[in-house]
Structures are given as structure tokens and as C-alpha cells.
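# let me see the structure of the following:
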Amino acid sequence: MKGADSRGEQALPAITVSIVNFNGARFLEELLLSLTSQTYRRFEVLFIDNGSTDGSVEFVRSSYPEIKVIAQPDNQGFARAGNLAMGSSPHDFVALLNTDLRLGPAWLERLATTMFSDKSIAAVASKLRFHDRPDYLNGVGGAMNRLGYTWDRGMNQEDRGQLDQPAEVLFASAGAALFRKAAFQEAGGFDEKFFMYHEDVDLCWRLWLLGFRVITAPSAVVYHHFGGATKESKGMRWRELLGERNNMRSLLKNYELPNAIRAIARMMLLRQPASRKLAQIRNLLWNLANLPNTLRHRRDIQRRRVRSDNDLRDLIVQSNHVPVRL
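As a prediction, the model looks like this:
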């Protein structure tokens, strides 16, 4: 998947496209075929497998021998796999992909054009549409309220071009985004305590605190089998609760202290059914048990931040409301 064309594309920066896979064999042929059709040709593919048992690794090695495969012995989570992708890439720019996607032919070109336009840009978000409802948005970049709860901008809306202007957003979904490797590593990479979910929110929040920017590239279109393997094997409630646990840790690390305390208190005072409140209390107890580690990360982030919470008020919705729920 390397090459140059008559336009002198060899002069453009090379990119690593890293696919993070766990039992996603049924999606791989569609994804990899869409990669072979990209208009941006200066890229190589890295396939990181998290201990799949469905023949994923064997399929890639036999059908796409040019792809570099890193097969881990077990599922160590998206966060660790993403960090491994960054550390394994020889290039300055790394795109991360989940398996349950089909990429538009100009996907990588549009992400790259946006990234290369400004050195302050550390992450670029794709436009995701639903694979089974291709006229409807899965999201174009991510938003977060003051309690740390997040949603995909435009989710479930008919795509009428309402989000087609590039925009600054708090975070880019790491399931289909391009990152500047140096900025990613300067921010400390994904938090591996998260295993999966909210790692992209936490990372991009830190990127903003360190002076970088996160931008949407709405012309970089991806079609998403929403939920993929996780929806089938774990369920959306599991996803929600794990995301909330990770969210609490992110609040404690990234907010200025008064705002961190205020956000956790507001979260715990939310009215919820008894079973949901019990799960939230368990999430809080997990965070209290991990507080020494969280505080070590917090000290590093707060020491190096160049933007205040007030500087990011326009990116963090000043409300408890969550307009989109899974």
C-alpha cells in the first residue's frame, strides 16, 4: 500500500495506518479493501491484534502479506494497543482505526491535508456515518459536558451537511482519527488504566491543555458498523459503565482542582435508578482505590498545562445535560 504517482506524491509525509483488532475477522476484508482504494498512497499498514481467536491474524498474514502484524497473546485493551502503534511506527503521523469500518476513498487524503495545514493540530477527526444507515451521522468529532460525559456531534441526525465545516472539538474518536505522533507522546499517550473507552477523550483533553488543537475533517468519510464486536459480546450498558469509571479518572487528572471536586460531586448527586447509582458508587470506589496513581498523573499534567479550564469553556459544554445517549 505504498507508492507514488505522477503528482510527485513521494514528497508527501508517509503515514502509518494502524488497525487495532479483537475478533473482528468478519469486518476485515471490507476495511482492507477500502484501504487499498485510498487516493493518498504514502502509507503503510500496521495490524495490532489483541489475542483474537477468530482467525483474524491468519487472514491478514495470508491475504495481505505486506501488512506488518503484531499479535499480542491476549486482549490488553485499545489504550495499550494504541500506544504500541505509536511506538512501533517509524513515521511522524499515525492513523488509528477500529476494524468495523469502511473508508471513503479520500479518507486518508482529507485527514492528512487538514493535519499538514497547521503544526498546532495534534489530532484530526473523521466524519462517521452509520454503515447500515449511510445517510445518517454516527458523529463528526466529540463533545463533552462539564461532568465529563461525552457524545458524538450530530449522532443520529440525517447528514444534510450541517457539520461539513471543519471545527475545533474537544476530542476525536480514536476509532478513525489521525494523530501527530510527537504531540501524542508529549501528552503521555493513552492512559492504559482505561483498557478501553474514554481514552481518546482523556488524551485529546490533555492535548488541548498542552497547547495543541483537535480539528474535524468532515470530508474524511467513514462508514461504521456501530458497536461492532463490543455491542454483541458485552452490551452497551457495560460500555457506558466502563466509560464512566474512566471519565472520573480523567476529571481528577485534567481539571483544575476546584472544578474536579465540583464535577465529581455533581455527578454523584445525579438522580438515577438504584441499580445505576450502585454501579456509579462502584466506579467511584475504583477511582478511590487508584487515587495515588491518578494523582501522580495529575501532578505531571497540571505542571505542564498552558491552558486554563476557562480557556476551554467553549469546548466543554457548561451543563449536566447529555443530548445523545446510546
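# what about the strands in the stretch 201-326 of the chain?
213-224, 316-317 (DSSP state E, counting those that start in this stretch).
# just the buried residues of the first one, please?
If you call a residue buried by 16 or more other C-beta atoms under 10 Å, then strand 213-224 has these buried ones: 213-224. The C-beta positions use only the backbone N, C-alpha and C, and glycine is treated the same way.
# for the residues you listed, which one is nearest G87?
V214 (21.3 Å; C-beta to C-beta).
# and the furthest pair within the buried residues of strand 213-224?
Farthest pair in the buried residues of strand 213-224, by C-beta to C-beta: R213 and Y223, 26.4 Å.
# can you pull out the strands in the stretch 1-150 of the chain?
Going by DSSP E, counting those that start in this stretch, the stretch 1-150 of the chain shows strands at 15-21, 43-50, 68-72, 93-97, 101-103, 121-130, 137-140, 142-145, 150-152.
# I'd like these laid out as a markdown table, including distance to R180, mean pLDDT and mean neighbour count.
Putting these into a markdown table (distance: least, C-beta to C-beta, whole Å; pLDDT from 0 to 100; neighbours: other C-beta atoms under 10 Å) gives the following:
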| stretch | distance to R180 | mean pLDDT | mean neighbour count |
| --- | --- | --- | --- |
| strand 15-21 | 11 | 98 | 25 |
| strand 43-50 | 15 | 97 | 22 |
| strand 68-72 | 21 | 96 | 16 |
| strand 93-97 | 6 | 98 | 25 |
| strand 101-103 | 20 | 98 | 22 |
| strand 121-130 | 5 | 98 | 26 |
| strand 137-140 | 20 | 98 | 26 |
| strand 142-145 | 18 | 97 | 21 |
| strand 150-152 | 22 | 96 | 20 |
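# export those strands as CSV, with columns for distance to E168.
Output for the strands of the stretch 1-150 of the chain, formatted as CSV (distance: least, C-beta to C-beta, whole Å):
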stretch, distance to E168
strand 15-21, 22
strand 43-50, 26
strand 68-72, 33
strand 93-97, 19
strand 101-103, 24
strand 121-130, 10
strand 137-140, 12
strand 142-145, 11
strand 150-152, 16
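# contact partners for the residue nearest to T113 when sequence neighbours are not counted?
Using C-beta to C-beta, 6 or more residues apart in numbering and skipping the chain neighbours, the partner closest in space to T113 is A217 (7.5 Å). Taking C-beta atoms under 8 Å, 6 or more residues apart in numbering, we find A217 in contact with 110-111, 113-114, 124-127, 166.
# could you dump the strands of the stretch 201-326 of the chain to CSV with distance to T16?
Compiled in CSV, the strands of the stretch 201-326 of the chain are given as follows (distance: least, C-beta to C-beta, whole Å):
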stretch, distance to T16
strand 213-224, 17
strand 316-317, 31
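# TSV for the ones you listed, including mean pLDDT and distance to L32?
Formatted as TSV, these follow (pLDDT from 0 to 100; distance: least, C-beta to C-beta, whole Å):
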stretch	mean pLDDT	distance to L32
strand 213-224	98	14
strand 316-317	96	37
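# any idea which of these gets closest to T150?
Comparing the strands of the stretch 201-326 of the chain by C-beta to C-beta, strand 316-317 comes nearest, at 9.9 Å.
# and the closest one, what does it pack onto?
strand 142-145 (3 or more C-beta pairs under 8 Å, 6 or more residues apart in numbering; DSSP states H and E).
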